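A.B. asks: Need a 3D model of the sequence below.
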Amino acid sequence: MRRPSVPVSAAALTVVVAAVTLATASAAAAPPASAELAALNQGAFWPSSPFESILEADLAPSCGAALLEMLTQHPKMIDATGKLLNSGLLKTVPNTVSMGDYAECVAEAPFAKYCFVRGAVYASVNATLPTKPKYHLERNITAPVQWGACVPSACSADELSAAFASVPVRDGNTLRIYASPSAIICAHATPWTGGVKATIAVMALLAALLLAASLYDILVVRRRGAPVDDGADLAGEKGSVNQDAVGRGDDESRPLLQQPALAPRRRPAGQGEGSKAERALMSFSVPYNAGRLFNTTVAAGQMGCLNGLRTLSMQWVVLGHCYYWLLLGVPLDDYGTFLHKPKQFMFQFISNGMFSVDSFFTISGFLVALLTLRVLKKDGTVKWGMFYFHRYWRLTPLYGFSLLIFVHISPLLGSGPLWYMAQGSPQTVYKYWWTNLLYINNLYPNKMAEEAMGWAWYLANDMQFYWISPILLLLIHKVPRVGVAVVMSLLAASIGVVAGIAYHHKYAANSFVGLADPGAAPADQGTMSDLLYVKPYARIQPYLVGLLAGAFMAHVEQDLVVVRRRFSLPIRLVGWALCAFLMISSLFGTYSQFHGHRWSLAENVFYIATTRAVWGLGLSWIILMCLLGHGGLLNTFLAHPIWTIPSRLSFAVYMMHPIVIGTYYFNLRYAYEYSDLNTAFVFISVLLCTYAVAAVLSLAVESPMIGLEKVLIGKHR
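C.D. replies: Presented below is the predicted three-dimensional model:
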């Protein structure tokens, strides 16, 4: 017999609740071991009963004695422990999250400690309900559980886990319940290791250097006399066209690093006229670097539309990660609502947020091709040694500093039931940190979860694409048809490899951090991340498309008037329509899978294999139209000066935003109350905090390293 109005899992849990209530009541009538135990038993099944039951397990004498003392003398520990039989059990996705009261528990230290339990509860039900007609239920039930337990410090996590798994939490004629914790993580303070102390020492020395340079700038340099022209922007370029733009690493060639060229500004006399030591010190002057960082004037002829594209794409990344972090283990009070979000049309903007990173790859390929080919056309060669050195110099100091903050400083920024996720796995970091500095962390280790800094896979891919770009661009410069054919062949090969992997593993197109329609082809999201999401052979597609678009722009920019005329109104209308179709179908194409349309394996494979290139094609059209003067209101919006400053901070924002997000979520003391409004407020707060932190890092690390490179290597390198 089946009751159609209540899902099976909900009905089963209802019976569990009823049976537990009856069993608890009968237990209260039995002669208690003590008055305290009797009082506890009369109140509720959970949590007193599981603690009583594990006393029967094979525990160390110290742990068993501490548990008995807790049950008889520490009622606040019982009160601080989560109650699993709470509201929400009849939801489609039952609410089995009960985090307890962390503050109340740690107040009982040193006798008590807080432990967070993840696992499952297995129940065997054999009961007849007093309904008309009577309903007999005989079923085995499994329910996931996230539970906060206040336990004696004398009991280890392994000891408690083994005890819970070895004895039934409740054993009766109608109901048997076993707890099977997959993990018990006990809260602990972050240790001040040698790495922590060394990092703080480095930060203190850097702060002292910034202070000394700033005071020297204000008290000495600015008092020397009349100002002189500098004319250089934060990255040292005077415009988007530079004789040594690539040899010096023109920052417009890196979408996360780009510093839009500024109008000439004044600098204190003598700043560029002193000794090397003085100029090296002045590279760390906060007032001077801040004046350039926060200058919104953009020189004429710059590719201003890229500022808007870069900023909006970066904010899209942050928005997506505000949702993604909720799936890393943050307990939610309503998983059902969250897991049904993909059925909403506009949520595809979140679930397919990986296209935001493809935007960066497209812009990067476009700029590397355009700027390199400009130099090749003018000088016939590029200083390839500086091409690679400048790239490494510009990325690595801020990258390495962010890695230090992530590993050694961020674990000190909070506490609570979930803080163990911020404390991370030092063994993994210490084992693989060097792969980040060599930009091979997307290739080794083989699993994304083992990377020292999980989101740094983008930097590895972009650097690897940069490594091979000279070969392709030299071919395009010397033998254009052959060069284009080689790039197209690489693009086709990438599509083929991705299609083969997706077909072999039967990946679903709507798989995103576990949010897959049950009716879709089976997929292992972890394996998909390891084999496709972070690998260069899969992510190079939009980069190659951007490379071809940049080569086209470099080819036609000498005859822009003629080229603009060739893009007549009918051609532009068709192009914009095709662009909209390609990008919208990529972004919202999987929506139908959540509403009854089950894709075939061929459809899934086609979508997975081609949409990154398709997205790059659409974005390349937008860039070209804006630069050719056909962008209209869209170009006016994207090139607005409002995007200039956040665009300069994009690299630092990318490096720091996961740390800010994790600091907020992992400091939560209770289950996150999910709603779109709450998450919108989280996104805005995270965005503002991240830009503030990024500005500090840019002034403290990124800008000084740019200035220091000029001093050490010289302007004409």
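
A.B. asks: residues in contact with Ala460?
C.D. replies: 436, 439-443, 534, 536 (C-beta atoms under 8 Å, 6 or more residues apart in numbering). (Glycine included, C-beta is placed from N, CA and C.)

A.B. asks: Out of these, which end up buried?
C.D. replies: 436, 439, 441-443, 534, 536 (16 or more other C-beta atoms under 10 Å).

A.B. asks: could you measure Ser283 against Ala602, distance?
C.D. replies: 57 Å (C-beta to C-beta, to the nearest Å).

A.B. asks: For the two, indicate the residue with more neighbours.
C.D. replies: Ser283 (21 against 10; other C-beta atoms under 10 Å).

A.B. asks: give me every residue that touches the more buried one.
C.D. replies: So Ser283 contacts 213, 703-708, 710-711 (C-beta under 8 Å, 6+ apart).

A.B. asks: how about the nearest residue to it, chain neighbours excluded?
C.D. replies: Of all residues not flanking Ser283 in the chain, Gly707 sits nearest, at 3.1 Å (C-beta to C-beta, 6 or more residues apart in numbering).

A.B. asks: pretty sure the one you found contacts Met282?
C.D. replies: Yes: the criterion here is C-beta atoms under 8 Å, and Gly707 meets it with Met282 at 7.2 Å.

A.B. asks: Make sure Trp55 is actually in contact with Met70.
C.D. replies: Trp isn't right for residue 55; it's Leu. No: counting by C-beta under 8 Å, Leu55 stays clear of Met70, with 10.5 Å between them.

A.B. asks: rewinding a little: sitting in helices, which of the buried ones among the contacts of Ala460 do you find?
C.D. replies: In this view, those that belong to helices under DSSP state H are 436, 536.

A.B. asks: Quick check: of the buried ones among the contacts of Ala460, which lies closest to Glu138?
C.D. replies: Val534 (47.2 Å; C-beta to C-beta).

A.B. asks: And that closest one, its phi and psi?
C.D. replies: phi -110, psi 0 (degrees, to the nearest 10).

A.B. asks: Tell me who's in contact with it.
C.D. replies: 442, 448, 457, 460-461.

A.B. asks: run the last query once more with 6 Å
C.D. replies: By C-beta atoms under 6 Å, 6 or more residues apart in numbering, the contact list for Val534 reads 442, 448, 457.

A.B. asks: Arg118 now?
C.D. replies: 146, 182-183.

A.B. asks: Out of the contacts of Ser283, name the two that are farthest from one another.
C.D. replies: Farthest pair in these, by C-beta to C-beta: Ala213 and Lys710, 15.0 Å.

A.B. asks: Between those two, which is the more surrounded one?
C.D. replies: Set side by side, Ala213 and Lys710 show more neighbours around Ala213, with 24 against 18, by other C-beta under 10 Å.

A.B. asks: about what we covered before: cross the contacts of Ser283 against helices and list the overlap.
C.D. replies: Per DSSP H, the contacts of Ser283 map to helices at 213, 703-708, 710-711.

A.B. asks: Tabulate those residues in a markdown table, adding columns for pLDDT and distance to Lys113.
C.D. replies: As requested, the ones in helices among the contacts of Ser283 are exported to a markdown table (pLDDT from 0 to 100; distance: C-beta to C-beta, whole Å):
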| residue | pLDDT | distance to Lys113 |
| --- | --- | --- |
| Ala213 | 96 | 47 |
| Ser703 | 95 | 45 |
| Pro704 | 96 | 44 |
| Met705 | 95 | 44 |
| Ile706 | 92 | 48 |
| Gly707 | 92 | 50 |
| Leu708 | 93 | 48 |
| Lys710 | 88 | 54 |
| Val711 | 90 | 53 |
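
A.B. asks: Among those residues, find me the one that's closest to Ile622.
C.D. replies: Taking C-beta to C-beta as the measure, Ile622 sits nearest to Ile706 out of the ones in helices among the contacts of Ser283, at 29.1 Å.

A.B. asks: And that closest one, how far from His504?
C.D. replies: The value you get for Ile706 to His504, if C-beta to C-beta is used, is 45 Å.

A.B. asks: neighbour count winner among these two?
C.D. replies: Ile706 (26 against 10).

A.B. asks: contacting residues around stretch 575-595?
C.D. replies: 342-343, 345, 348, 352, 509-510, 517, 520, 599, 611, 614-615, 618, 621.

A.B. asks: ditto for stretch 599-617
C.D. replies: 355, 358, 362, 495, 498-499, 502-503, 507-509, 521, 541-542, 545-546, 582, 586, 593.

A.B. asks: filter those residues to the buried ones?
C.D. replies: Of the contacts of stretch 599-617, these count as buried by 16+ other C-beta under 10 Å: 355, 358, 362, 495, 498-499, 502, 507-509, 521, 541-542, 545-546, 582, 586, 593.
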